[in-house]
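>>> have a look at this prediction, sequence included:
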Amino acid sequence: MPDDAPQLPTLSEDDVAALTCWVRATGLGDAVTDVTPLTGGTQNVVVRVHVDGRPMVLRRPPVHPRPTSDKTMQREIAVLRTLAGSDVPHPAFIAGCEDLGVLGVVFYLMAEVDGFNPGNEVSEAYSRDAAMRHAVGLSYAASLAKLGNAAWEGSELAAIRRPGSFVARQVPQFLRLLESYRHDGYAPESFLAVAPLADWLTSHLPADGAPGIMHGDAHLNNVLLRRDRPELAAFIDWEMCTVGDPLLDLGWMLICWPLPPNPIDAGSALGALGGIASRRELLEAYREAGGRVTPDLNWYLAMACFKLAIVIEGTWSRFLAGQATSEAGERLHASAQNLIDLGSRVVHGDNPFDLD
């Protein structure tokens, strides 16, 4: 997700030396060279390295890790290992390190994916051809359906699945997150319309379906697209991955699609060119690829609005505490309020996402 805390996305000389010792000890190679920062998410450090000339991507927590950063890396390692050999587009896992004596944090290496991020770049082929821009959205939706159907039981990812009802714990979980933002300058109750939407979501819970793998943050800033053909190359940035209800990923994808109303800046470079698939076409492609069907789609749309709004509202709280810029705080607070308003419209029968 967009955030206000820029990280230094590289490795120090000491890190490179420690990494070199580690790759030698694990038999991956002898030399680590050409360390290059990569653009992408601001929550973690992502760099390209070459091990004996072979390009790889190293992903590790931010320079100043959060208390949960190592667990997040372990979660990402688990999902990439679980998806190995599946038809879900993902970076191939190479090796992971949970020994904090190497870099001081958990980290892993994955294969480099040849693709571009449509949040900030568009390849020449897509710029020229509206048909490619249209078709790639259908590929993206179909790939999300494959993710929700991917095998996970008996894998290491199964260990992160929490018992009980996934849908029933969503509203309490994110109300607790909102409450955690409280400080002298920020009162969660000032975030208007959250409580009524939370009440509606709680009183209209859908039945739990079969659990599946969720990306957790499914939007176009978290994918790579093939440069020369309209296909999803990989889902990336797996830090919010879990085993839960894949229909929430569907709702998340639909609300974040870069067509009006566009509550966050995701996939803006692609969307600005026009010609992309409609939300109804995404939904049809998702279902044709074996994605789940539900009579409660509006609940998942509204829940996605509710959850995403609370996640990004944290930047407004940090701004009010002097820990974020006014630009980031004000921009994301406006987006958060817009998301709550959109979710409220969905539940009151005025669906702004043109899916009724």
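Sure, I can see it.
>>> name the element the spatially closest residue to L38 that is not a sequence neighbour belongs to?
Sequence neighbours aside, V46 is the residue nearest to L38 in space, at 4.7 Å (criterion: Cβ to Cβ, 6 or more residues apart in numbering). To be clear about C-beta, it is placed using only N, CA and C from the backbone, and glycine gets the same treatment. Assigned by DSSP states H and E, V46 falls within strand 45-51.
>>> need the residues that contact that strand.
7-11, 19, 23, 28-29, 31-38, 40, 55-63, 109, 112 (Cβ atoms under 8 Å, 6 or more residues apart in numbering).
>>> buried only: go through those residues for me.
7, 9, 11, 19, 23, 28, 32, 35, 38, 40, 56-62, 109, 112 (16 or more other Cβ atoms under 10 Å).
>>> so which of those are in helices?
If you go by DSSP state H, the buried ones among the contacts of strand 45-51 have 19, 23 in helices.
>>> check this structure and tell me which residue is nearest its centre.
For the chain, D217 is the residue whose C-alpha lies nearest the centre (Cα atoms, centre = their mean; 2.8 Å).
>>> where does the stretch 1-150 of the chain have low pLDDT?
Within the stretch 1-150 of the chain, the segments meeting pLDDT under 70 span 1-9, 39-43.
>>> now the helices: where do they sit in the protein?
Counting by DSSP H, the helices of the chain are 13-26, 69-83, 100-103, 124-128, 130-149, 166-180, 194-203, 246-256, 268-271, 279-288, 297-320, 326-347.
>>> from the chain's centroid, how far away is the first one?
Helix 13-26 has its average C-alpha position 29 Å from the chain's average C-alpha position, going by Cα atoms, centre = their mean, to the nearest Å.
>>> same thing with stretch 186-196?
25 Å.
>>> before we move on, the earlier item: and the strand holding V46, what's buried?
Applying a neighbour-count criterion of 16+ other Cβ under 10 Å, the buried positions in strand 45-51 are 45-47, 49-51.
>>> from those, pick the one nearest W252.
Proximity of the buried residues of strand 45-51 to W252 was ranked by Cβ to Cβ; the top entry is V46 with 21.8 Å.
>>> now do the same contact list for the residue nearest to the centre of the chain.
1, 237, 239-240, 252.
>>> ok, the residue nearest to T20 when sequence neighbours are not counted to H50 distance?
Distance criterion Cβ to Cβ, 6+ apart; nearest residue to T20, sequence neighbours excluded, is V32 at 4.6 Å. From V32 across to H50, the span is 7 Å (Cβ to Cβ, to the nearest Å).
>>> just the ones of the buried ones among the contacts of strand 45-51 in strands?
32, 35, 56-60, 109 (DSSP state E).
>>> export those to CSV and append columns for distance to G137.
Below are these laid out as CSV (distance: Cβ to Cβ, whole Å):
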residue, distance to G137
V32, 38
V35, 34
M56, 30
V57, 25
L58, 30
R59, 26
R60, 32
L109, 31
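>>> ok, the residue lying closest to R66 once chain neighbours are set aside - how many residues close by?
With Cβ to Cβ, 6+ apart as the criterion, R66 has its nearest non-adjacent residue at 8.0 Å, and that residue is T72. Applying other Cβ atoms under 10 Å, we find 19 residues neighbouring T72.
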